[in-house]
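Asks: Have a look; sequence and predicted model below, questions after that.
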Amino acid sequence: MVIAGRIQRYIFMRCVTSLAMTLGIIVLAIVLVDVVEQMRTVGSRTQITIQTAFTLTMMKTPGLILETLPFAMLIGAILTYSQLSRRSELPAIRASGVSAWRFLGPIMVLAVVLGTVMVTVLDPLATRLNEDFEATRDRLTGGGRPSAQGVWLSQGDLQAGAATGEEEAPAPVVTGADGTEATPANANAQAIIHGRTIIGRGQALENVTFWFFRPGARGPEDREFTHRIDAQRAELKAGFWQLTGVVENRLGGEVSRAADLALPTNLSSDTLLSRFASSKTIPFWELPSFIAAGQAAGMEIGEYALKYHTLLATPILMLAMALIGAVVCLRLARSGGLSQLIGAGALAGFLLYFVTRLASGMATSGATPPEAAAWCPPLCALFAVLALLAHVEDG
């Protein structure tokens, strides 16, 4: 037991060293390429220094590490156990009576622990820094995240009480630059909203235009245009829009300006989130509550469920990658064919990653449930490699 424990600690340290070296080389190569990419893309729109480009790349680095760790685990396992085999350490360990299940234990523990850290720590960090990256890039380039046609929203009857004889909704309060308050006329029933830029997960819109209409003599279908409001920024609060940099144009050419304006609305914050919040902007710890709220609001939550279950399956994927890399190196080096086995193991690992991405694409298109797309590829790969290991070890 003491000898086996020492062997496991020795192999564990070798695994950590190989993984760190592999991950370091991969990340260094990616960082160098991405710095050049930032200079090419962001630098083509504004003047930036190498330091600024490097800062932008560092914000993306946790996300890049999250993507490359499964490959690093695969290559690290191949390096560790192939070196043990070539140095005849692996045959000596097996000759001493240590089972393959025991000297594969260190890489299995490392894979599960690292997969758990990826889900619970690295993904939230990558999500936060990716938001900072997007905000910094938009600030440098002076742009946001507009679509080709901008963003269009429609909010319904804001003052239904006016048509039924009930009390009208309170008019919004305008605060001018001098701090005085005024109450503009707001006998509007409906509004069409156009925002040219989306901020963050959809918490706000920039360069926004509101077109207001009221029901005509023949009912809601016969709408009459009343006025238009342009604003630099519109943030959706509980029950109202908070506008900044407001210009109001009414029929007849009357124009009024204000620093701030609060407009009543029957839209909720989920309206913007459901339209504009990418799954990449929501960290692991917030996904369960977001999915539950989305289901209650009738949102399409397939994209978020796919990310949630993919993250939950990450330790299984890491374990499968580690075992694929280790099992192909168990053959004695003097028996020949070890290089071909290592190549086959690397190909199997890349094939697993490809199948995982293919399943994610099928789930995104609605061809398969997100739970099946997230869990089936890593579980099938894990069961296959465990069956191969059991056959080789136990016959």
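Replies: Structure's in. What do you need?
Asks: pLDDT score for Leu317?
Replies: Looking at Leu317, its pLDDT reads 93.
Asks: Helix, strand or coil: sort out Val208 for me.
Replies: strand (DSSP: H, G, I helix; E, B strand; the rest coil).
Asks: Cross-check the contact I'm expecting between it and Arg233.
Replies: Yes: counting by Cβ atoms under 8 Å, Val208 touches Arg233, with 7.2 Å between them. Every C-beta, even on glycine, is put in place using the N, C-alpha and C of the backbone.
Asks: what do the two both touch?
Replies: Here Val208 and Arg233 share the contacting residues Leu243, scored by Cβ atoms under 8 Å, 6 or more residues apart in numbering.
Asks: And those two? Which one has more around it.
Replies: Val208 (26 against 17; other Cβ atoms under 10 Å).
Asks: partner residues bridging the more buried one?
Replies: When bridges are called by DSSP bridges, Val208 pairs up with Gly195, Ala231.
Asks: do you know how far it is from Gly349?
Replies: 48 Å (Cβ to Cβ, to the nearest Å).
Asks: Report the contact partners of Pro369.
Replies: Shown in contact with Pro369 (Cβ under 8 Å, 6+ apart): Ala363.
Asks: tell me how far the helix or strand harbouring Phe290 is from the chain's mean position?
Replies: Using DSSP states H and E, Phe290 sits within helix 287-296. Put simply, helix 287-296 sits 16 Å off its chain's centre (Cα atoms, centre = their mean, to the nearest Å).
Asks: do the same with stretch 344-352
Replies: Put simply, stretch 344-352 sits 25 Å off its chain's centre (Cα atoms, centre = their mean).
Asks: can you list contacts of it?
Replies: Stretch 344-352 is contacted from outside by 70-71, 74-75, 78, 317, 320-321, 324-325, 327-329, 377-378, 381, using Cβ under 8 Å, 6+ apart.
Asks: how about it: buried residues?
Replies: Buried residues in stretch 344-352, counting neighbours by 16 or more other Cβ atoms under 10 Å, are found at 345-346, 348-349, 352.
Asks: Tell me where this protein has strands.
Replies: Using DSSP state E, the strands found in the chain span residues 151-155, 174-175, 181-182, 190-199, 204-216, 219-236, 240-250, 255-264.
Asks: Please identify the pairing partners of the last one and their relative orientation?
Replies: Meaning strand 255-264. Sheet partners assigned to strand 255-264 using DSSP bridges are listed as strand 174-175 (antiparallel), strand 240-250 (antiparallel).
Asks: and stretch 280-297, which residues are buried?
Replies: 280-284, 287, 290-291, 294.
Asks: In JSON lines, list those along with pLDDT and distance to Gly115.
Replies: Listed next are those as JSON lines, based on pLDDT from 0 to 100; distance: Cβ to Cβ, whole Å:
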{"residue": "Lys280", "pLDDT": "74", "distance to Gly115": "19"}
{"residue": "Thr281", "pLDDT": "75", "distance to Gly115": "22"}
{"residue": "Ile282", "pLDDT": "82", "distance to Gly115": "20"}
{"residue": "Pro283", "pLDDT": "85", "distance to Gly115": "16"}
{"residue": "Phe284", "pLDDT": "88", "distance to Gly115": "12"}
{"residue": "Leu287", "pLDDT": "85", "distance to Gly115": "17"}
{"residue": "Phe290", "pLDDT": "78", "distance to Gly115": "22"}
{"residue": "Ile291", "pLDDT": "81", "distance to Gly115": "21"}
{"residue": "Gly294", "pLDDT": "68", "distance to Gly115": "26"}
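Asks: This structure: helices as residue ranges?
Replies: Counting by DSSP state H, the chain has helices at residues 2-41, 50-86, 89-95, 100-103, 105-117, 123-141, 160-164, 269-276, 287-296, 302-312, 314-327, 338-364, 370-394.
Asks: Could you identify which of those helices has the lowest mean pLDDT?
Replies: For these, mean pLDDT drops lowest on helix 160-164, to a mean of 30.
Asks: Okay, now the unreliable bits of the stretch 151-300 of the chain?
Replies: Across the stretch 151-300 of the chain, residues meeting the criterion (pLDDT under 70) sit at 156-189, 199-203, 216-222, 268-278, 294, 296-299.
Asks: what's the closest non-adjacent residue to the residue nearest in space to the middle of the chain?
Replies: Residue closest to the mean C-alpha point of the chain, counted by Cα atoms, centre = their mean, is Lys280 at 1.5 Å. Nearest residue to Lys280, sequence neighbours excluded (Cβ to Cβ, 6 or more residues apart in numbering): Asn130, at 6.5 Å.
Asks: got it, and Thr55?
Replies: What sits nearest to Thr55 in space, not counting adjacent residues and going by Cβ to Cβ, 6+ apart, is Thr136, at 7.7 Å.
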